[in-house]
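Peer 1: Make a model of this:
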Amino acid sequence: MNNIVSKTAISKTLAIVIVAVIVVAAIAVIAYFTLIPKPREKIKIGVITPLSPPADYISGKEILNTAQLFVEWMNKQGGVAGRELELVVADQTLDPGVAISHLQRMVTQDKIAGLIGPWESLVALPVAEATEKFPTIMFCTFSWTDEITANHYKYVFRNGVFSSLTARHALEFFKAMGWKRIAMLIEESPVGFNYKDAILYWKKDVYPDVEVTFTTCALGKADYTPELSKIKAMSPKPEVFIPMVNVPHVYVIAKQYVELGFPEMGVKMFCGFDWPTYDPKTFWEAMGKGGVGVMFPSYYSPHMKLTKIGENFLKLYKEKYGKDPFIALFWYWDSLTILCKAIEATGSTNPDTLAKYIENIEIEGTTGKVKFINDPTPKQPLWHQWIGMIQYVFEFTEVGQEPYKAKQIYPSPG
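Peer 2: All right, here's what the predicted structure looks like:
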């Protein structure tokens, strides 16, 4: 009898212990999910940018550097709305299909809140189109083709220049210089063809007296001697040669321009954009003493007044990478700032909510106020487009000169 009682008591005790363990475990689980604070999910930002040839991997690396610096800086300050930032990075290559597949993955799997890049218009335009199917906020800065904003995509914003604007600025400079004969080498790409079309469109209003001849070249060539020889043989000779070809191939053109004797002929070079600032070392290796007298436009000048935000970015970038950022990187910093401000202000990462907020944002950027123009006129590029920039022109006066120590010749810094 005592044995039976003893066994019964033990069984009851074990049952009570088991129930108690289950209850404690249940309480612990409930506490974990309801009471104990857990790390909040990170906000992911996409970077689709060229990181390998034949695309402009030089600029792509600088874009990635800027994004990494921004995320590092923001996370040290507590992130956005109490959440850390994290980059999702992909190499766009020069294949739009590859870039679009990256976009699809980033939107559907990584759940990015927004995207910077891509870079070349050849890729940026198809990716902008693809945001209609895979919605996310997308920022461009130096993707120049007008259609990126002229197509009025819902989620795409350009915090930088476009072909029609840069072409008009260039013609105003040509007129100020009094140049009459200009030869352009135009890459067979959206940026090349857009620039040509814009020059022809604005020429009649801005500077009808200038004669501009166009020679086209295939995308990504290794040798431009046939095209350059054709330009060299022109009669009368051009006063100015303008290569409108993407990095890194434009450095090949620069080298061959010197080798074919253009400087000795008195044919000046005006760069179609500020590519000497991207990689000054490669520029001088390509041109040597032939680089003296080369002129390049830029939307940055050491004489311009940066905002406190711009001064902070410049300081952070120089401390991290040991050199000055080129102007598009200032605008990418602004783009990332705008995206984070929109997330913080709306408390959302929904692309429709963010797009509506960004359309009407007015924010202090690195070089001044940023506010987007939203003209609904069909095919009008002033849609989700900022235009508060000034074009400056510099001329190299000595071999090996740092780009922004070159002489500013337009407008006069005085």
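Peer 1: use CA for all of it now, contacts and neighbours both
Peer 2: OK.
Peer 1: Residue 59 and residue 276 touch, don't they?
Peer 2: No: assessed by Cα atoms under 8 Å, residue 59 is found out of contact with residue 276, at 11.6 Å.
Peer 1: Contacts only, for the residue nearest the centre of the chain.
Peer 2: Centroid-nearest residue in the chain, with Cα atoms, centre = their mean: residue 141, separated by 4.5 Å. Neighbour list for residue 141: 117, 158, 159, 160, 161, 328, 331, 332 [criterion: Cα atoms under 8 Å, 6 or more residues apart in numbering].
Peer 1: make it 7 Å
Peer 2: 158, 159, 160, 161, 328, 331, 332 (Cα atoms under 7 Å, 6 or more residues apart in numbering).
Peer 1: Among these, which ones are in strands?
Peer 2: Residues of those located in strands (DSSP state E): residue 158.
Peer 1: now the contacts of residue 141 in TSV, with neighbour count and distance to residue 225?
Peer 2: Converted to TSV, those look like this (neighbours: other Cα atoms under 10 Å; distance: Cα to Cα, whole Å):
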residue	neighbour count	distance to residue 225
158	27	35
159	27	36
160	23	33
161	22	30
328	24	30
331	23	35
332	26	35
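Peer 1: what about the spatially closest residue to residue 276 that is not a sequence neighbour, neighbour count?
Peer 2: In this structure, residue 276 finds its nearest non-sequential neighbour in residue 283, 5.8 Å apart by Cα to Cα, 6 or more residues apart in numbering. Look at residue 283: counted by other Cα atoms under 10 Å, it has 20 neighbours.
Peer 1: now swap in the one 5 residues further on and tell me
Peer 2: Here the count is done by other Cα under 10 Å, and residue 288 has 16 residues near it.
Peer 1: Secondary structure class of it, three-state.
Peer 2: At residue 288 the chain is in helix, as set by DSSP: H, G, I helix; E, B strand; the rest coil.
Peer 1: Please report the distance of the nearest residue to it once chain neighbours are set aside from residue 263.
Peer 2: The shortest distance from residue 288 to any non-neighbouring residue, by Cα to Cα, 6+ apart, is to residue 399 (6.5 Å). Noted for residue 399: a distance of 14 Å to residue 263, by Cα to Cα, to the nearest Å.
Peer 1: likewise residue 195?
Peer 2: Separation of residue 195 from residue 263 (Cα to Cα) stands at 25 Å.
Peer 1: Also residue 318?
Peer 2: Taken as Cα to Cα, the span from residue 318 to residue 263 is 34 Å.
Peer 1: Looking at these two, which has the bigger crowd around it?
Peer 2: Neighbour count, other Cα under 10 Å: between residue 318 and residue 263, residue 263 has more, with 18 against 12.
Peer 1: Need the per-residue pLDDT for the more buried one.
Peer 2: pLDDT recorded at residue 263 is 97.
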